[in-house]
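*Asks:* I'd like to go over a predicted model; first the sequence, then the structure.
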Amino acid sequence: MKIFFLVLLLSSSNIFSVICKEDDIDLNPGDVISAEMLKDVLLKISGRTSKISPNELNGKWNCKSINQNRSAPLRNGYSLEPDGIGSSMSQEVTFIKQTDESFVITYNNNLGQSGMETPTPNVCHGKFIDNDFLMVDKTDGQTSCWNTGVAAMTMTGNQCFKWEVQNGVNSGVIYCDKINKHPLPPINLEASINSTEVALTWAAGDEITTNYQIKVKTSLGESFVDIVTGAEGTNAITEISDTNYTDSLSSGKKWYRVYAINENGISIGSNVVSVSYSDQ
């Protein structure tokens, strides 16, 4: 059984389309739901209802603007939706967090006006209001920010948000999907034992994972800790690139969980597996 959350797919004929693929929490028959897995479930629920933070917003996003206008001529990067209802435009939007928690926001095309004849690169200055709304204004001496005002910003996933930018011409909404994503969790973790070893195997949850971190515990009441897969001491390694690992076998019970890693962060954990062994 898998507990999974929102998958937002907005198809488009544009070069970019917004695909919000959320982390699955993979539970299989017989799995023990550890405190760590319960925490993941609660975090996923929180991701549907919590406010967006400055750290979450910081970075590059692929944003798709959708409005009701379908009258020719469509400009400013917009094109008619395949079903003929409204038009859309996708582009990269960058939010650069400043030391005072405000943002410099840059993008090429006006976010809402599908009839604007000549797109002008936008450089805006924004700040959160109670993390529910983003107030956007022009920076000092800057005239190329077309989407000023206060707009609601709502998380629709841990790496996605909805931005209700106002433009005064067309009614619309913007969906944004983070470009520099952390990986999805590994899937199908399995464990088997022989006389001397525990063999772990799993599969990648996506194509952007670079390494894996394996965690273990020997009691249900404990927290998972990293397995050191290389030499002990200053050169200890806690990450591997393979989708398998062999651990030493010892008397008692062990629980294992694997996490995916890339340059943008670490995933939630895989399903939990356990092995039991007695040397008597």
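*Replies:* That came in fine, so what should we check first? Keep in mind that this is a model prediction, so the values were computed, not measured.
*Asks:* what's the spacing between the residue nearest the centre of the chain and G265?
*Replies:* Closest residue to the average C-alpha location of the chain: Q159 at 3.2 Å, with C-alpha atoms, centre = their mean. Distance, Q159 to G265, by C-beta to C-beta, to the nearest Å: 10 Å. Placement of C-beta: from N, CA and C, glycine included.
*Asks:* Name the residues contacting each of these two.
*Replies:* Contact criterion C-beta atoms under 8 Å, 6 or more residues apart in numbering; residues shared by Q159 and G265: H182.
*Asks:* Stretch 214-227: which residues count as buried?
*Replies:* Neighbour-count burial for stretch 214-227, counted by 16 or more other C-beta atoms under 10 Å, picks out 214-217, 224, 227.
*Asks:* What of stretch 65-81?
*Replies:* 65-67, 69, 74-78, 80-81.
*Asks:* Filter those down to the ones in strands?
*Replies:* Using DSSP state E, the members of the buried residues of stretch 65-81 that fall in strands are 65-67, 80.
*Asks:* quick revisit: just flag the most distant two among the buried residues of stretch 214-227.
*Replies:* Largest separation among the buried residues of stretch 214-227 by C-beta to C-beta: I214 and K217, giving 11.5 Å.
*Asks:* quick one on the thing from earlier: pipe the buried residues of stretch 65-81 into JSON lines and attach distance to V198 per row.
*Replies:* Formatted as JSON lines, those follow (distance: C-beta to C-beta, whole Å):
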{"residue": "S65", "distance to V198": "51"}
{"residue": "I66", "distance to V198": "50"}
{"residue": "N67", "distance to V198": "56"}
{"residue": "N69", "distance to V198": "60"}
{"residue": "L74", "distance to V198": "60"}
{"residue": "R75", "distance to V198": "62"}
{"residue": "N76", "distance to V198": "58"}
{"residue": "G77", "distance to V198": "54"}
{"residue": "Y78", "distance to V198": "56"}
{"residue": "L80", "distance to V198": "57"}
{"residue": "E81", "distance to V198": "53"}
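*Asks:* which secondary element of the chain has the worst mean pLDDT?
*Replies:* In the chain, no helix or strand scores lower on mean pLDDT, DSSP states H and E than strand 8-10, which sits at a mean of 30.
*Asks:* Heading C-terminal from the host helix or strand of V150, find the next helix or strand.
*Replies:* Using DSSP states H and E, V150 sits in strand 149-157. Using DSSP H and E, the helix or strand that directly follows strand 149-157 along the chain is strand 160-163.
*Asks:* Now that next one - C-alpha only, PDB.
*Replies:* Presented in PDB, the C-alpha positions along strand 160-163 are these (Å, rounded to 0.1, in the frame of the first residue of the first chain):
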ATOM      1  CA  CYS A 160       5.000  23.600  -5.600                       C
ATOM      2  CA  PHE A 161       2.900  26.700  -5.000                       C
ATOM      3  CA  LYS A 162       0.000  28.600  -6.500                       C
ATOM      4  CA  TRP A 163       0.500  32.400  -6.900                       C
END
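*Asks:* Which elements pack onto it?
*Replies:* Here strand 160-163 touches strand 149-157, strand 172-178, going by 3 or more C-beta pairs under 8 Å, 6 or more residues apart in numbering; DSSP states H and E.
*Asks:* what lines up beside the helix or strand hosting N62 in the sheet?
*Replies:* Taking DSSP H and E as the criterion, N62 maps to strand 59-67. The strands beside strand 59-67 in its sheet (DSSP bridges) come out as strand 87-97 (antiparallel), strand 172-178 (antiparallel).
*Asks:* Show me what the next helix or strand after the last one is in contact with.
*Replies:* Sequence-wise, the next helix or strand beyond strand 172-178 is strand 187-193, with elements assigned using DSSP H and E. Contacts made with strand 187-193 from outside it, assessed by C-beta under 8 Å, 6+ apart, are listed as 24, 26, 198-205, 249, 256-258, 270-275, 277.
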